[in-house]
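**Student:** Here is my input; please provide its structure:
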Amino acid sequence: MSPAELLVRALREPDTATGLDGDNWQAVIAVARAEQLLGTLASRLAGLALPLAVRAILADAAATAEQGRIAALWDAEMVRRALAPLGCAVVLLKGTAFVAAGLDAGRGRSIGDTDILVPRAALEGVEVALLAAGWEWVKPDAYDDGYYRRWMHELPPLIHRERDRMVDVHHTILPPTARITPDADAMIADAVPLDGGLSVPAPADMICHGAAHLFADGDLSGGLRNLWDLHCLLAEFGVEGLRARAGRHGLWREVHRAARLANALFGTTIPDAWRVRSPGDALFRRRLLARDGWGRGTRPATRFGFYLRSHWMRMPPLLLARHLWTKWRRR
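**Tutor:** Below is the predicted model:
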């Protein structure tokens, strides 16, 4: 069993972790750290009889995750205060949404940036309000700034000058140049309000966004964490109405693949009709598990292939060639 498979088994069946030896523990912890799943692993293994050194590492990971949860919620509140005068919808995304809504996917979850979704028409006002509240541009380069504004699904990232926390302001969930065009207006309209004025996506939209982020907008780096998110969301909310909602966003293929792989790796309950394998599933699984016992990436040809795929899905060929050429020349 590979190091990544050992981690998957520990997350799926926590009791099996009590049988790991020292070398296997080193591998599991290294892969979990690389995949940003160490806090999640700590949550899953809480209360089990584990080696003292392992318990110390997991206790530290749990404390770090809790600190990250508090920081994420506080930053979301700061965003809310900054944008409240605008009166526009502000929808939390990804990890911050999970912890703000108290979802199982948020337990031990590593949270980096604060991701929000706002109406495209509100972007200018949102940008001005955040800058006035202490956020600054991360990418001062004129080409990068222009690229984000013209071609991406979000503003250039912003970081707060005092709290050192980044916010990503989305107006949709995939680049406008991508081959898939989700209905961002529907996501905002159907978002679930939280106390205080913020919202989180409806459950089916959370799953659609997770599947889009994993399979239509990246090279699957850190993919195990994202697939675990989807496992938790599917386990907590089920699949009722999911196929129709995914179809509305043009994301049924991605949601279906996510459900199949979550079932295969984490034992997620899905309808029998959804378990029919696609020939490509084995390759996606190979990429998701490409870690050695030190947490380093393995299978370089597979990883490079998915890197190329991520760019190919984001942009038409001529735009992609121009972008890569420009970045190469500037580098």
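
**Student:** in the helix or strand hosting residue 206, what counts as buried?
**Tutor:** Here residue 206 is covered by helix 203-215, with elements defined by DSSP states H and E. Going by neighbour count (16 or more other CB atoms under 10 Å), the buried part of helix 203-215 is 203-215. In this view, the C-beta of every residue, glycine as well, is placed from N, C-alpha and C.

**Student:** Which secondary structure elements does it sit against?
**Tutor:** Contacts defined by 3 or more CB pairs under 8 Å, 6 or more residues apart in numbering; DSSP states H and E place helix 203-215 against helix 94-100, helix 184-189, helix 223-237, helix 242-248, helix 252-266.

**Student:** so that helix versus helix 252-266, what angle?
**Tutor:** Relative orientation of helix 203-215 versus helix 252-266 (axes from the mean of the first three to the mean of the last three CA atoms, to 10 degrees): 80 degrees.

**Student:** neighbouring contacts of helix 203-215?
**Tutor:** 93-94, 97, 173-174, 180, 182, 186-187, 190-191, 200-201, 220, 223, 226-227, 229-230, 233-234, 236-237, 241-242, 245-246, 249, 251, 254-255, 257-258, 284 (CB atoms under 8 Å, 6 or more residues apart in numbering).

**Student:** which SS class is residue 50?
**Tutor:** Secondary structure assignment for residue 50 (DSSP: H, G, I helix; E, B strand; the rest coil): coil.

**Student:** Which parts of this protein are strands?
**Tutor:** Secondary structure of the chain (DSSP state E): strands located at 91-93, 114-117, 135-137, 158-160, 166-170, 192-193, 199-200.

**Student:** So of the buried residues of helix 203-215, which two are at opposite extremes in space?
**Tutor:** Of all pairs drawn from the buried residues of helix 203-215, the greatest distance, 18.7 Å, lies between 203 and 215 (CB to CB).

**Student:** re the thing from before, from the contacts of helix 203-215, list just the buried residues.
**Tutor:** Among the contacts of helix 203-215, those scoring as buried are 93-94, 97, 173-174, 180, 182, 187, 191, 200-201, 220, 223, 226-227, 229-230, 233-234, 237, 242, 245-246, 249, 251, 254-255, 257-258, 284 (criterion: 16+ other CB under 10 Å).

**Student:** rewinding a little: okay, angle between the helix holding residue 206 and strand 166-170 too, please.
**Tutor:** Interaxial angle, helix 203-215 versus strand 166-170 (the same axes, to 10 degrees): 110 degrees.

**Student:** Helix 203-215 - what's its average pLDDT?
**Tutor:** Predicted confidence along helix 203-215 averages 96 (mean pLDDT).

**Student:** pLDDT score assigned to residue 315?
**Tutor:** Confidence per residue is given as pLDDT, and for residue 315 that number is 65.

**Student:** same thing with residue 323?
**Tutor:** Residue 323 is assigned a predicted lDDT (pLDDT) of 56.

**Student:** cool, and residue 328?
**Tutor:** Confidence for residue 328, expressed as pLDDT, is 61.

**Student:** quick one on the thing from earlier: could you dump the helices and strands packed on helix 203-215 into TSV and include distance to residue 302 and mean pLDDT?
**Tutor:** Rendered in TSV, the data for the helices and strands packed on helix 203-215 read as follows (distance: least, CB to CB, whole Å; pLDDT from 0 to 100):
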stretch	distance to residue 302	mean pLDDT
helix 94-100	25	97
helix 184-189	32	98
helix 223-237	12	98
helix 242-248	26	98
helix 252-266	15	97
